[in-house]
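Q: Predicted model follows, preceded by the sequence.
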Amino acid sequence: EVSRVLNGGSLPPSRQGPSRYNTIWEFPYTVENRQCTMAFTSVTGHLMEVDFEPAHKSWHACNPGVLIEGAPVVKQVARDKGPVAENLQKEARRASWLILWLDCDREGENIAFEVLDVCRQVKPNIRVRRAQFSALSYNDVTRALATLRDPNENEAKAVDMRQELDLRIGSSFTRFNTMLLQNAVRLPGTDARGTGKGPIVSYGPCQFPTLGFIVQRKWDIDAHVPEKFWKIIMKHDPTILTGAPRNPRGAGVRHDARNASSSFAEFHWARERLFDRSFAETLFDSVLEARTATVLSESGRPTTRAPPLPLNTLEMQKRLNRAIRVSPDAIMKMAEELYQAGFISYPRTETDAFPNDFDYRTAIDDLCGHNSFGFHAQALASGRFNRPRAGGNNDNAHPPIYPTKLMSLAEYETWRRKNPNLPQVYEFVCRHFLACCSLPAVAHKTAVEAEMGGERFRATGLMIKEMNYLDVYGKGPAGGPRLEPSYDSWAGNTLPTYVVGQRFEPTELRLDESATAAPPLLSEVDLLQKMENHQIGTDATQAAHIEKVVGERGYAVKVGDNRLRPTDLGEGLVAGYSRAGLDDMWLPHKRAEMEADVSRVAAGAMPVDVAKRNATAPALAAFRELERRKHTLVAAVREFVSGGANGEETNDLEAFPPENGGGNGEPAEPRGESLGKVRACAACGGDVALYRRAAGTSAGGPSSSFLVACAGCASSRFR
C-alpha cells in the first residue's frame, strides 16, 4: 500500500524474490533531495523468535524451575521465516539505505530491529532510517519520508525483555502444571480409555491474570447472599382519575400509567431503599394516610450530552463488541485489514486526543459522498464542525483511529462478500469520527420534588432540543436516513406541568419488595476494561489473550449474553494456585509491575538486567513454593474437574525433586468462614464450599477474598 501511494496511486512494477509471500515493488523516487530507486518489500509479523538453547528445549531436560533464571535463551530467525530473511538479505546487498516502515509502536520497533539485524549480517555499513507514520494516506506517507529518524533501540529492548520473561515464566509453570496434572487428574480432552496424556495445561503471565478476573467474578457471584429490601414506588399521571380504595399493607393504588399517557411522572424515593421491613412499612403507612402529595419545588435548566472522545483501540473493541457481538480479537483482525487497505488509520493506539495540527478538513471532506452518513459530513464541512474533546490518554506513537478514505460501492460489495462485518467496522470508525467532530446534544431537563406523609420524592424529565452528534452516532435524524446499529442514544421523557404548592393524588403508590442481586458474569467488554485498568497486556495483545483463555486453552466459555464463565479446569487451576498461597500468580498486581518496568526500559530509565531480576526473583520463589505444595494443586483440580483422579498419583516431575528439598510437608490451610455449598466434589463426592478467606492466609501481597475448596478430601489440607 505504501508503494502504491508513493507511486501516484497505482501499483508499481513488481518482481518475486526468495519468499513467494513477500513481493518486491520498484519505482523511482526522491528521498532527502536524492533521486533513487525505491525497492519495497515486507515481512509477515515477527521475523525472529526467542527460545531456549537445545539443551533445555526438551521437557525432560531439567527441573522446570531452571528455565526461570538459569537456562540461556537465544533470539534467531524463526524456522518458517527463512525465505523472508533471505529475501531481505538479497535486497540489502543491492541497497545503500534501509528505510524501516514497520508499525510505529514497540512491537513494530522490535520487528524493525529484527529486519536491521538480518540486513546487517550481509551489509554491516548499510544506512538505516525509520519512517514514522500512522496512516497509509498520501499526506502521512510523504510526511514520514520527509521526517525520517533513527530507530529506537530502547523500545526494541523492552519488547525483547518482555518476550524473554514470558517465555521463561510461562514455560516453567506450563511444564510443571502439565507434568504434574496429566497423570494425576483425568483432564478434559484425555481419551476415555485413559491411554492418552491429556492436553497441555498452559500457564501464561498474561493469560492467568485474565482467567483470574473471570474466576474472581464467579466467586463473587457464588458468595452473594440475597438481602431483601423495600422501597416506595410513586407515579402520577394527571389524565387518570384516582380515588380507588387502598390496601394498607400492599400494592396501594396502581394503574397502568405508562399506557394511559405519554406524559407522566415516576417519582423516586429520597431514601432509595430500606432493609428493615417494619420501618419501611411504618413509613409507607404514613404516606398512605396523607392521601395527597405536595409539590415542594419545580425547576428546569438546559443540559448537554457530550459527543464521544476520539477513538482508541479499547473503545473501538468495547463499542463494536456491544453493537455487533463480535469478539475483540476478531474486531482487531478486521481493523488491521482495513488499515492495510488504506481505509482507516493505525488501529492499535491508546491515544484519545488529536494533535493540534490534525487535518480534519480532508478527513471530513472525504466522507461527504457517503450515501448513508454523508449528510452529516456535509453539515460539518459547512460550518457545524466542533473541535473534538481531548481525552487523557496518549501513547506518543499514534493519533486516534480515523477514516482515511471513502469506501466506494464496489469496494463495499467486495468487503461484504469477504466478511459481512468488515463494512460495519469501517462505518463505525467513520461515524465515530464524525460524531466526535460534532456539537453536543442539547436538551431541557426538568426536576420536581414532592412531599407525602413526611417522605420526599423526586422526578426528572428530559426534552431533547438538538440531536447534533446523535444524528450520526444514534439512529439518524428524524427525517432520515436511518442508521444501524445505533452506538448511543438519549431518550426523552416529558413531565406533566407542576407548580409549587400543587397537591395531587398519586396514580400508583405501593411498597415494593425486592432483593439485592449478584453481579453478572463478566462480559468481554468488562474483561477488556479490567485488563486495561490493571495493565494486563497491551492494546495490541489484550484481545488475543482473551481469545486464548476462552478458545485455545479451554479455561473459560461464553454463555448467555456474551458473558464469560470459567470452565471446571480454569476454576480448578486458579483455586489450586490460590490455595497454595500463590495469588500473585493469577491476580494482576505482579504483571502490572512488570509492565511498568517494561515501560521504564522503553524510556531508557531502567537497565534491562534490573527489570529482569524484578520479575524472575518472585517468579522463582513462587515456583519453589508450588513445588512444595504440588499436592494442593492436584487436590484442587480434582475437586473441580469431572472424572477426578487418573489412576495412581504419579507424575513426570518425580525425576526432578524440588531443589530446595521440600515437597510433601505442606502446612494446613485455615478454612475461614463457610458461605455454603457450591457443588459436589468431583474427587470424593463431598461438598465443595465457598469460604471467606481468613486474614493472613495468603503470602506475598494482595490476595483473593474467597476460597473454594472441598472440606471432605483428606488432601485438602484444612485444619
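A: Noted; the coordinates are in hand.
Q: what's the straight distance from one end of stretch 579-596 to the other?
A: The first and last residues of stretch 579-596 sit 28 Å apart, counting by C-alpha to C-alpha, to the nearest Å.
Q: Run the chain-centre distance for the longest helix anywhere in the chain.
A: Among the segments of the chain that qualify as a helix by DSSP state H, the longest is helix 153-184. Centroid displacement of helix 153-184 relative to its chain, using C-alpha atoms, centre = their mean, to the nearest Å, is 22 Å.
Q: now the angle from the next helix or strand after that helix to helix 153-184?
A: Next in sequence after helix 153-184, counting helices and strands by DSSP states H and E, comes helix 207-223. Helix 207-223 runs at 60 degrees relative to helix 153-184, counting by axes from the mean of the first three to the mean of the last three C-alpha atoms, to 10 degrees.
Q: Please verify my assumption that Ala517 contacts Glu227.
A: No: counting by C-beta atoms under 8 Å, Ala517 sits too far from Glu227 to count as a contact (10.0 Å). Bear in mind the C-beta positions are built from the backbone N, C-alpha and C, glycine included.
Q: measure Lys405 to Ser137 for me?
A: 7 Å (C-beta to C-beta, to the nearest Å).
Q: So for these two, which sits in the more crowded spot?
A: Set Lys405 next to Ser137 and count neighbours by other C-beta atoms under 10 Å: Ser137 wins out with 21 against 18.
Q: Return the backbone torsion pair for that one.
A: Main-chain dihedrals, Ser137, degrees, to the nearest 10: phi -90, psi 160.
Q: Begin at 16, not 1, for the rest of this chat.
A: Renumbered: residue one is now 16, and that last one reads Ser152.
Q: ok, and the closest non-adjacent residue to it?
A: Leaving aside its sequence neighbours, Ser152 sits nearest to Thr419 (C-beta to C-beta, 6 or more residues apart in numbering; 4.6 Å).
Q: Show the contacting residues for that neighbour.
A: Residues near Thr419 by C-beta atoms under 8 Å, 6 or more residues apart in numbering: 150-152, 155, 357-360, 378, 381.
Q: Repeat the analysis, applying 10 Å as the threshold.
A: Shown in contact with Thr419 (C-beta atoms under 10 Å, 6 or more residues apart in numbering): 149-155, 353-354, 356-361, 377-378, 381, 444.
Q: now it: how far from Asp155?
A: 8 Å.
Q: cool, and Glu586?
A: Distance, Glu586 to Asp155, using C-beta to C-beta: 47 Å.
Q: Give me the more crowded residue out of these two.
A: Neighbour tally, Glu586 and Asp155, criterion other C-beta under 10 Å: the higher count belongs to Glu586, 26 against 20.
Q: tell me which element the more buried one falls in.
A: helix 583-594.
Q: what angle separates that helix from helix 168-199?
A: Orientation check (the same axes, to 10 degrees): helix 583-594 against helix 168-199 gives 100 degrees.
Q: what does the average pLDDT come to for stretch 61-74?
A: In this model, stretch 61-74 carries a mean pLDDT of 93.
Q: Before we move on, what's the pLDDT of Ala506?
A: Looking at Ala506, the pLDDT reads 86.
Q: That one belongs to a strand?
A: No: looking at Ala506 with DSSP: H, G, I helix; E, B strand; the rest coil, it is coil, so not inside a strand.
Q: roughly how far apart are it and Thr328?
A: 29 Å.
Q: quick one: which of these two has more around it?
A: Neighbour count, other C-beta under 10 Å: between Ala506 and Thr328, Thr328 has more, with 29 against 6.
Q: from what I can see that one touches Gly552, true?
A: No: contact criterion C-beta atoms under 10 Å: Thr328 and Gly552 do not qualify, at 11.2 Å.
Q: any common contacting residues for these two?
A: 543, 558.
Q: And the strands in the stretch 366-515 of the chain, which stretches?
A: 456-467, 470-481 (DSSP state E, counting those that start in this stretch).
Q: any idea which of those strands is most buried?
A: strand 456-467 (a mean of 19; mean count of other C-beta atoms under 10 Å).
Q: joint contacts of Thr419 and Asp155?
A: 149, 360-361.
Q: hmm, back to that, which residues are common contacts for Lys420 and Ser152?
A: Counting by C-beta under 10 Å, 6+ apart, the common neighbours of Lys420 and Ser152 are 357, 377-378, 381.
Q: which of the residues you listed tops the neighbour count?
A: Ala378 leads the shared contacts of Lys420 and Ser152 on contacts (other C-beta under 10 Å) with 22 neighbours.
Q: quick one: low-confidence ranges for the stretch 416-565 of the chain?
A: Applying pLDDT under 70 to the stretch 416-565 of the chain picks out no residues at all.
Q: Next: the stretch 266-415 of the chain.
A: 266-277.
Q: can you give me the helices in it?
A: Secondary structure of the stretch 266-415 of the chain by DSSP state H, counting those that start in this stretch: the helices cover 272-275, 292-305, 328-339, 343-355, 375-380, 389-394.
Q: now do the stretch 466-615 of the chain
A: 485-488, 539-548, 557-562, 583-594, 604-617.
Q: CSV for those, including distance to Asp165?
A: Below are the helices of the stretch 466-615 of the chain laid out as CSV (distance: least, C-beta to C-beta, whole Å):
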stretch, distance to Asp165
helix 485-488, 41
helix 539-548, 31
helix 557-562, 30
helix 583-594, 44
helix 604-617, 15
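Q: so what's the nearest residue to Ala54 once chain neighbours are set aside up against?
A: Among residues not flanking Ala54 along the chain, Glu41 sits closest, at 5.1 Å (C-beta to C-beta, 6+ apart). Residues in contact with Glu41 (C-beta under 10 Å, 6+ apart) are 18, 22, 27-30, 52-56, 106.
Q: Gly507 touches Thr475, doesn't it?
A: No: look at Gly507 against Thr475 with C-beta under 10 Å: they stay out of range, at 11.3 Å.
Q: Report the set of residues contacting both of these two.
A: Residues within reach of Gly507 and of Thr475 at once, by C-beta under 10 Å, 6+ apart, are Lys460.
Q: show me what contacts the residue positioned nearest the centre of the chain?
A: When C-alpha atoms, centre = their mean is applied to the chain, the residue found nearest the centroid is Leu543 (1.6 Å). The contact partners of Leu543, by C-beta under 10 Å, 6+ apart, come to 225, 328-330, 332-333, 336, 343, 537, 551-552, 554, 557-558, 560-561.
Q: Could you rerun that using 8 Å?
A: Counting by C-beta under 8 Å, 6+ apart, Leu543 makes contact with 329, 332-333, 336, 343, 557-558, 561.
Q: mind listing the strands in the stretch 16-165 of the chain by residue range?
A: Applying DSSP E, counting those that start in this stretch to the stretch 16-165 of the chain gives strands spanning 29-30, 39-46, 49-55, 63-67, 88-92, 112-115, 142-145.
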